[in-house]
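>>> Provided below for reference: sequence and predicted model.
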Amino acid sequence: MKYRYLFGPVLSRRLGMSLGVDLMPHKTCSMDCVYCECGRTTNLTTERKEYIPTELIIKELSDFLGKKPELDYVTFSGSGEPTLHSGIGKIIRYLKRNFSNYKIALITNGSMFHNAAVRREVKIADVVLPSLDVVSDRNFEKVNRPERGLENKKIINGLVNLRKIFDGKIWLEIFVIPGINDSLSELKLLKNTVRKIMPDKIQINTLDRPGTEKWVVPEKYSKLNMIKKYFGRNSEIIVAPSRRKRKSGYLKKTENEILNTIKRRPCTFDDLLNSADLSEQKLNKYLDELIKSKRIVSERLSRGEFFRVEKT
C-alpha cells in the first residue's frame, strides 16, 4: 500500500522513533512562523474541517500498524496545524481502541485549545507538545504571524485550560530567536505564563534546520543553557538525535518515500539514514538522482548539509 498521509518512521529529537501522521494539506496553518521548517504558510486559517478524508487516514494507519512496527510514538505533525482537522478526535480514539500498545503524541502550535471541543478530542493522547515562543503581543505578531483575530492571550488561556483536563504529559516548546525572545523582559513574561500552564517539561529549542525567514539564526548554546537554568529543573535543551541501531519491521524506503519525508521538513544525510532502511551507498544514489532531477537542493547550515525540496 502506498501511503499518502503517513511518513517515516523518522528518528525524532524528542520522541525517538516516530511514525508521522499528516492530517493537513501542505502549509495550511493558523500561523506563519518565521522559523518554520516547512516554509511559508500558504493557507492561513483557523477554520476547522475535514481537510483530508478521515477514513483514508484510518485505512493507512490500519495497514501500517497492522504490520506491528517497532515505534516509540505515533505522532500527529507534518505540513500544517493538525488540530485544524475536525477528525483528529475520531482518529485518536481509533488508535486507542485498536492499537493501544502505541503511544500517541500531538505536535501543535497550541492555537486551537481555546476551543473546548479540541481539548476534549485530544485529552486521551499520551503527550501533547505545544509551542509558546513569546508572550508580548508585539513579538507574537513578529515571530508567529497569526491568522487575523488569533490573540496570544486566547492561546495561553487554552493551554491553561488544557492542563486542567489533560492527564497525559505536556511538553511545552519555547523556540529561541536571538534578539527577539531571549531578553530578560521576554523571559520573565514567559516564565510567569509557564507557571500557569504547568507543563511536565519545558523544551528549549532554536534553529536547527532552514527556517522560513533568512534573518532567523540559531541561538548560542551558552545562552540556551542560561535560559534552561532560568526556567528550572523541568527544562531541557533539545539536542540532535543520536544514531540508533536500525530495527526490523520498517517499510523499505523508496525514492518517493525519501522525497515525501524531505517535503515535510529539511533533513541531513544522517537524519534520512536514521529513519531509512537503506545503506549509505543506496541513500546517496537516491539523493543524487533527486538533486540531478532538480526535485531537491542542498543547503549548508551549522549542523551540516540539509536537503530540502526545490522551491518552484
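Nice, thanks for sending it over. Residues are numbered from 1 along each chain as shown.

>>> need the contact list for N157.
For N157, the contacting residues are H114, by Cβ atoms under 8 Å, 6 or more residues apart in numbering. C-betas here are computed from N, CA, C, even on glycine.

>>> Alpha carbons of the strand or helix carrying D288, in CSV - could you do that?
For D288, the host element (DSSP states H and E) is helix 280-292. This file holds the C-alpha atoms of helix 280-292, laid out as CSV (Å, rounded to 0.1, in the frame of the first residue of the first chain):
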residue,chain,number,x,y,z
GLU,A,280,24.7,4.8,2.9
GLN,A,281,25.6,3.9,-0.6
LYS,A,282,21.9,3.4,-1.6
LEU,A,283,20.8,6.5,0.1
ASN,A,284,23.4,8.5,-1.7
LYS,A,285,22.1,7.2,-5.1
TYR,A,286,18.6,8.3,-4.2
LEU,A,287,19.8,11.7,-3.2
ASP,A,288,22.0,12.1,-6.3
GLU,A,289,19.0,11.3,-8.5
LEU,A,290,16.7,13.7,-6.7
ILE,A,291,19.3,16.5,-7.0
LYS,A,292,20.0,15.7,-10.6
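
>>> elements contacting that helix?
helix 255-264, helix 269-275, strand 296-301, strand 304-309 (3 or more Cβ pairs under 8 Å, 6 or more residues apart in numbering; DSSP states H and E).

>>> Of all these, which one is nearest L61?
Of all these, helix 255-264 sits nearest to L61, with 16.0 Å by Cβ to Cβ.

>>> And the contacts of the closest one?
Under Cβ under 8 Å, 6+ apart, the answer for helix 255-264 is 2, 7-8, 10, 20, 22, 26, 38, 78-79, 251, 267, 272, 275-276, 283, 286-287, 289-290, 295-296, 307-309.

>>> and that helix, which residues are buried?
Using 16 or more other Cβ atoms under 10 Å as the test for burial, helix 255-264 gives 257-264.

>>> Just give me the closest of those to R119.
Of all the buried residues of helix 255-264, R264 has the smallest distance to R119: 26.0 Å, by Cβ to Cβ.

>>> and T268, how many neighbours?
Around T268 there are 18 other residues, counting by other Cβ atoms under 10 Å.

>>> D167 and E121: what is the separation?
The span separating D167 from E121 equals 15 Å under the rule Cβ to Cβ, to the nearest Å.

>>> same check, this time on L259
Between L259 and E121 the computed distance is 31 Å (Cβ to Cβ).

>>> what does R4 give?
On the measure of Cβ to Cβ, R4 and E121 end up 23 Å apart.

>>> ok, those two, which is more surrounded?
Using other Cβ under 10 Å, the more surrounded residue of R4 and E121 is E121, with 22 against 12.

>>> For that one, identify the helix or strand it belongs to.
helix 116-122.

>>> got a markdown table for the helices and strands packed on helix 280-292, with distance to V143 and mean pLDDT too?
Below are the helices and strands packed on helix 280-292 laid out as a markdown table (distance: least, Cβ to Cβ, whole Å; pLDDT from 0 to 100):
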| stretch | distance to V143 | mean pLDDT |
| --- | --- | --- |
| helix 255-264 | 21 | 79 |
| helix 269-275 | 25 | 76 |
| strand 296-301 | 20 | 78 |
| strand 304-309 | 21 | 80 |
